[in-house]
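# I'd like to go over a predicted model; first the sequence, then the structure.
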Amino acid sequence: YAASITVLVRQFCRVPVFEKNWETLSWLPENILFDIFYEIYSNAGLKENRKILNIELKDFDLFSKLLRAGDRRSCLHKIVQFCSDGNPSFFSPLIQEFKENAEDLQNDAEPIISQRFIETGLNFGGFLCEGGYFAEAANVYRACLSAVKSSSKALFWRVEIQSRLLNSLSNFYLL
C-alpha cells in the first residue's frame, strides 16, 4: 500500500503544477486521499511540493474530505502548518468558499439547512481552533450561524454554534 502511494505521488509530482487536476482523484476514499497528501508533505524538501499543497488545498471540498480522515487530524495540522508558514493567508480561500456555500443555503427560497453542511462547518471550525487560528474559526462559525438563523427548527444547532463561536472568540482575545 505504502509503495503504491509513493509511486502515485512521484508520478503526479512530475506533472507541471498548472496541469494538475485532483478532481480525477476525488472519487478516492478519504483515507487514501489523505495518504497521498501526507506523502507529498513527507517529501517536503522539494519546493514544488509546497507549491502543490498550497494550490490543491485551497479547494474546500477536498479539504473537508481530508478533515474526515479521522485519526489523522494531527498529521493534517502538520501539513497545514507547513503550508501556512510560507502563506499567511492560507485559510482565506477556504473560509471564503465556505461562506459562499452558507450564503447559497441562506438565499434559497425555502431554506433547508443541510445537517452535513453544519457538521462540516463545526468540524472545520474545530480544526482551526485546535491549530490556534481562532479568528478564522470565528469566521467559519459566523457563516454557520448565518445559515442556521434562517431556519426556525435549528435551535440545537444555533446553541452549539454560538457556544463554539464564544469559545473561539474568548481564546482569540486571550492571545
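Arrived safely, thanks for sending.
# which residues does the residue minimising distance to the centre of the chain contact?
Centroid-nearest residue in the chain, with C-alpha atoms, centre = their mean: Phe63, separated by 3.8 Å. Shown in contact with Phe63 (C-beta atoms under 8 Å, 6 or more residues apart in numbering): Leu57, Leu94, Phe124. (C-beta placed from N, C-alpha, C; glycine too.)
# surely the second one is in contact with Glu56?
Read that as Leu94. No: counting by C-beta atoms under 8 Å, Glu56 is not a contact partner of Leu94; they are 11.8 Å apart.
# now the contacts of Phe63 as JSON lines including neighbour count and secondary structure?
Formatted as JSON lines, these follow (neighbours: other C-beta atoms under 10 Å; DSSP: H, G, I helix; E, B strand; the rest coil):
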{"residue": "Leu57", "neighbour count": "23", "secondary structure": "coil"}
{"residue": "Leu94", "neighbour count": "21", "secondary structure": "helix"}
{"residue": "Phe124", "neighbour count": "24", "secondary structure": "helix"}
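# now the host helix or strand of Lys51: how far from the chain's centre is it?
Assigned by DSSP states H and E, Lys51 falls within helix 47-56. Helix 47-56 sits 16 Å away from the centroid of its parent chain (C-alpha atoms, centre = their mean, to the nearest Å).
# now swap in stretch 149-166 and tell me
21 Å.
# can I get that stretch in PDB? Just the C-alpha atoms.
Output of stretch 149-166 as PDB, limited to C-alpha atoms (Å, rounded to 0.1, in the frame of the first residue of the first chain):
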ATOM      1  CA  LYS A 149     -30.600  31.700  11.500                       C
ATOM      2  CA  SER A 150     -33.000  31.300   8.600                       C
ATOM      3  CA  SER A 151     -34.400  28.000   9.900                       C
ATOM      4  CA  SER A 152     -36.800  28.000  12.900                       C
ATOM      5  CA  LYS A 153     -36.200  24.300  13.600                       C
ATOM      6  CA  ALA A 154     -32.500  24.600  14.200                       C
ATOM      7  CA  LEU A 155     -32.400  25.700  17.900                       C
ATOM      8  CA  PHE A 156     -29.900  22.900  18.800                       C
ATOM      9  CA  TRP A 157     -27.500  23.900  16.000                       C
ATOM     10  CA  ARG A 158     -27.800  27.600  16.900                       C
ATOM     11  CA  VAL A 159     -26.900  27.000  20.600                       C
ATOM     12  CA  GLU A 160     -24.000  24.700  19.600                       C
ATOM     13  CA  ILE A 161     -22.600  27.100  17.000                       C
ATOM     14  CA  GLN A 162     -23.000  30.100  19.400                       C
ATOM     15  CA  SER A 163     -21.100  28.200  22.200                       C
ATOM     16  CA  ARG A 164     -18.300  27.400  19.800                       C
ATOM     17  CA  LEU A 165     -18.200  30.900  18.500                       C
ATOM     18  CA  LEU A 166     -17.900  32.200  22.000                       C
END
